[in-house]
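Engineer: My questions are about this predicted structure, shown below with the sequence.
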Amino acid sequence: MKKALITGANKSVGFETARQLLQNGYYVYLGSRSVENGLAAVEKLKAEGLSNVEAVQLDVTDSGSVKAARAGIGRKTEVLDVLINNAGINGGWPQAALDASIDQFKMVFDTNLYGVVRVTQTFIDLLQKSSQPRIVNVSSSGCSLTLHSDPTWKYYTHKAAVYPASKAALNMYTIDLAYELRDTPFKINAVCPGFVATDFNNHRGTGTVQEGGARIAKYAMIGDDGPTGKFISEEYNPETGETPW
């Protein structure tokens, strides 16, 4: 049975991704900053008959928490097949380029970029023992430099200085990580779940968490012929998913 770790998986798209991996026969370590919220999420899944899941306390901004999670999971398995770096924050609004504070930037980058680096570097040894290791970094088409530079793009006027910058940096990390592991079985991609209605956007999204979870789970389960080092948004590009950086 393949094993997956998902950060920020106690609700919304992360929770739905966990559900869909469980439905596909994976064992899921459900990462949650709050132990209580993680346990509650696990109970919901078990009530649906999805029993191969357990909660893991994991705060991606806390190195001690990440190391403790690695030690705990390492006592139960020698191999991790999938890492989904899903935990993220928007940093609050507004985010004007001339008014956003340095503290606001630091807070968002600590979760959306540094948190991914912490978790990936800490769990890489377990992933390297998998025959088909997969890493999905949850990104957003709203951080595409190309799209945000195009006045014809439908979201061109939806500018924010902090959150998109953190995800653009995450995309660059994804490129570098995929390059470093290019001669290995790893498949590593930045995947946008789409503009789905969640707490993250005050439920203004036009898609569902089921659609978002399916997009992430798809790239967590891709075969050996799947892409790596790509920026994927199937909402933006339904045919291939590949999205301009």
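Structural biologist: Received, thanks.
Engineer: What helix or strand is residue 218 located in?
Structural biologist: helix 209-220 (DSSP states H and E).
Engineer: Can you name the element that comes right after that helix?
Structural biologist: Proceeding N to C from helix 209-220, the next assigned helix or strand is strand 231-233, under DSSP H and E.
Engineer: dump the residue contacts of the residue positioned nearest the centre of the chain.
Structural biologist: What sits nearest the mean C-alpha location of the chain, by C-alpha atoms, centre = their mean, is residue 86, with 2.5 Å. Residue 86 sits next to 6, 7, 8, 9, 13, 14, 17, 136, 138, 216 when contact means C-beta atoms under 8 Å, 6 or more residues apart in numbering. Heads up, the C-betas are built off the backbone N, CA and C, glycines and all.
Engineer: How about residues contacting the helix holding residue 218?
Structural biologist: Under the criterion C-beta under 8 Å, 6+ apart, residues 4, 12-13, 15-17, 19-21, 24, 82, 84, 86, 134, 136, 138, 187, 189, 191-194, 196-198, 226, 232, 234-235 lie in contact with helix 209-220.
Engineer: Check which residues of that helix are buried.
Structural biologist: 209, 211, 212, 213, 214, 215, 216, 217, 218, 219, 220 (16 or more other C-beta atoms under 10 Å).
Engineer: tell me the mean pLDDT over that helix?
Structural biologist: Averaged over helix 209-220, pLDDT sits at 95.
Engineer: Please apply the same query to stretch 36-52.
Structural biologist: 98.
Engineer: In strands only, show me the contacts of residue 86.
Structural biologist: Among the contacts of residue 86, DSSP state E puts 6, 136, 138 in strands.
Engineer: Who is the spatially closest residue to the first one that is not a sequence neighbour paired with across the strands?
Structural biologist: Once flanking residues are discounted, residue 6 sits nearest to residue 84: 4.4 Å by C-beta to C-beta, 6 or more residues apart in numbering. In this structure, residue 84 has beta-bridge partners residue 6, residue 136, where bridges are defined by DSSP bridges.
Engineer: and residue 84, how many neighbours?
Structural biologist: Counted by other C-beta atoms under 10 Å, the residues lying close to residue 84 total 29.
Engineer: Let me see the contact set for it.
Structural biologist: For residue 84, the contacting residues are 4, 5, 6, 7, 9, 14, 17, 135, 136, 138, 216, 220, by C-beta under 8 Å, 6+ apart.
Engineer: List just the nearest of those to residue 93.
Structural biologist: Of all those, residue 138 has the smallest distance to residue 93: 20.1 Å, by C-beta to C-beta.
Engineer: could you measure that closest one against residue 107, distance?
Structural biologist: Applying C-beta to C-beta, to the nearest Å, the value for residue 138 to residue 107 is 18 Å.
Engineer: These two: who's more crowded?
Structural biologist: Shown here are residue 138 and residue 107; by other C-beta under 10 Å, residue 138 has more neighbours (27 against 17).
Engineer: Strands of the chain, start to end?
Structural biologist: 3-6, 27-32, 53-57, 82-85, 134-138, 187-192, 231-233.
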